[in-house]
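J.: Compute the structure for the input listed below.
(one chain, ligands or ions: 2)
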Amino acid sequence: MKLAALAAILAAMAAAGTGAQPPFDLVLRGGRVVDGTGAPARVADVGIRDGRIAAVGRLARAPATETVDVTGLVVAPGFIDVHTHADDLARHPEAANFTRMGVTTIVAGNCGSSAVDVSAALEEIRAARAAVNYATLVGHNSVRAAVMGSARRDPTLPELARMKALVFKAMADGAVGFSTGLQYVPGTYAATPEIVELARVAANAGGLYASHMRNEGTALEQAIRETLFVGRQSGARVQISHLKVDAKGRWGASAAALKMIDEARAAGQDVRADQYAYTAGSSGLGIRFPSWALEGGRDRIAERLNDAAVWARIKKEMLALLQERGFEDLSWATVASYRADPSLNGLSLAEVAQKLSGSRDTGAQLEAARTLMLGGAPSMVYHFMDESDVERIMRHPFVSVAADSGVLEPSDATRPHPRGYGNTARVLGRYVRERRVISLEEAVRKMTSLPADHFRLPGRGRLAPGSAADIVIFDAARVRDAATFDAPHAYPEGIPHVLVNGAFVVRDGKPTGERPGAVLARSMLNQR
Ligand code: ZN
Ligand code: CU
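T.: Ligands and ions are numbered 1, 2, ... in the order given. Reported below is the predicted structural model:
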């Protein structure tokens, strides 16, 4: 930020010295500027030059190559989504599901899953030229799998050293931090000290620790305690990923969770979180099975599921886990994408059970889960949260907005979670305009400067001179998500223009095909 501010001053001095302001490439005229800091909206013009914001104010007579009248529309910094799974951006560089909801910068490598060779991954995205800016975390599960496969044990000292070396290299290559997915194999087999050791390597390079915690419901507080402990012991800033309460028996526990975050912050720890604006989550079906049953890869899993005695034990544990969480069955779980039989996509496990066995009772649902697991473990949508927790978490000033989605492309066959198309628009439409949970300025701050500062993405997240010209222009009275659980492949409404580094990627509601995104590699020299 300091450098950017200095650059802006120097540019202004240079212009003053020659006595003539060079023309702007583009002026956005007459919009309501919501600058990302939380400050009240104000009517102002925005001048853009060389991919950066050159001026914000009254630019009525300033010469410009192009002027676009945006009177009545909100002009905000492009949205920054720090929790994505867009690790395959090089193969889908237009990322329209992100750009069309106003997202101009994404952070991949979340939930413990990333490229291990970050240098190669970033190079691939640079070569593909993406529409959005891209940064990545390095994931614990990926690093652990590279060194130990899916072994369910602590690492040996040489294995730990190799994992540390991989994290060190990833940070040197430009990763912005270290992520865990402690409900997934093999990360779930790691004890806390291993995570501390690896997070410390990231922290020493200026990176943060982002965690999909070990538990998000029955033992939510314990999981937060572990996450905060890792932050303190490693010295890493902490990001709690997709904060939620996912057990019916614990609905309301968001109050206790947020209190723990407040207390840690009051004690001087920099901990923040993110969330998506829905009462359903999404992940693989495997997460419903006891983690010991998932060790060793697909063949070993199949062996266990095909052994009647072992399956009986697994089923018993699954049932106990369900009851512990306050659920009677798995009817809240629906199939998002199942390659082996796409006709099941969109059906709840009760409906799948009905179709497969003629019964929808809990036992039949568990048998259906076994069949799906053997058929290749579909991705699922889980309706397991309560609206009051979603809203309480949203009101917290250190929780940013993030979709937890990969790059999605329209398809008739799959039923992914609608968050990948609608998340930001849903916050602005449903939670700002309709339910008035937070103000417009606060919502924009949660999508811009709040995550940019925590992830240290310099020159992003504020609409101010010197910043990159990542800009979203939307109609606050009309913006809304159109994607639903039944029909998720739908772009939001009321977001006519989106610019990345000064170039339109969406114009008049349509993608332009431009791909001006930058790779944001953390530089070890710039930070710390
Ligand atoms: Zn996750
Ligand atoms: Cu995730």
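
J.: who's in contact with whichever residue of the stretch 51-200 of the chain sits closest to ligand 2?
T.: Of all residues in the stretch 51-200 of the chain, C111 sits closest to ligand 2, at 3.7 Å by C-beta to the ion. Any C-beta I mention is one placed from the backbone N, CA and C, and that applies to glycine too. Contact analysis of C111 by C-beta atoms under 8 Å, 6 or more residues apart in numbering lists 85, 139, 141, 179-181, 184, 212, 241.

J.: Let's see which of these end up in strands.
T.: 139, 179-181, 212 (DSSP state E).

J.: Among the residues you listed, which pair sits farthest apart?
T.: G139 and H212 (9.8 Å; C-beta to C-beta).

J.: Could you say which helix or strand holds the residue of the stretch 51-200 of the chain closest to ligand 2?
T.: Here C111, judged by DSSP states H and E, is contained in no helix and no strand.

J.: And the pLDDT at it?
T.: pLDDT for C111: 98.

J.: now it: how far from ligand 1?
T.: Distance from C111 to ligand 1, counting by C-beta to the ion, to the nearest Å: 3 Å.

J.: Where do the strands of the stretch 251-400 of the chain begin and end?
T.: Assigned by DSSP state E, counting those that start in this stretch, the stretch 251-400 of the chain shows strands spanning 271-275, 280-284, 333-337, 379-383, 399-401.

J.: and V352, which of these is closest to it?
T.: strand 333-337 (6.5 Å).

J.: ok, the residue of the stretch 251-400 of the chain found nearest ligand 1 - contacts?
T.: Proximity of the stretch 251-400 of the chain to ligand 1 (C-beta to the ion) peaks at S283, 6.6 Å away. Neighbour list for S283: 183-184, 379-380, 382 [criterion: C-beta under 8 Å, 6+ apart].

J.: What separation do you get for it and ligand 2?
T.: In terms of C-beta to the ion, S283 sits 8 Å off from ligand 2.

J.: What residues are bridge-paired with that residue?
T.: In this structure, S283 bridges to M380 when assessed by DSSP bridges.

J.: So in that sheet, which strands flank the top strand by length along the chain, and in what orientation?
T.: Longest strand in the chain, counting residues (DSSP E): strand 24-33. In the sheet, strand 24-33 lines up against strand 42-49 (antiparallel), strand 64-69 (parallel), strand 74-77 (parallel) (DSSP bridges).

J.: Mind listing what's buried along that strand?
T.: 24-33 (16 or more other C-beta atoms under 10 Å).

J.: Quick one: end-to-end distance for stretch 205-218.
T.: Criterion C-alpha to C-alpha, to the nearest Å; first-to-last residue distance in stretch 205-218 is 34 Å.

J.: follow-up on the earlier one: of the contacts of C111, which is the most crowded?
T.: Ranked by neighbour count (other C-beta atoms under 10 Å), the contacts of C111 have S179 at the top, with 33 neighbours.

J.: and that residue, what does it touch?
T.: Taking C-beta under 8 Å, 6+ apart as the definition, contacts of S179 comprise 109-114, 137-140, 209-212, 241.

J.: near ligand 1, which residues of the stretch 401-528 of the chain?
T.: Residues of the stretch 401-528 of the chain lying close to ligand 1 (C-beta under 5 Å from the ion): none.

J.: any chance you could map the strands in the stretch 401-528 of the chain?
T.: Going by DSSP E, counting those that start in this stretch, the stretch 401-528 of the chain shows strands at 471-474, 497-500, 503-507, 510-511.
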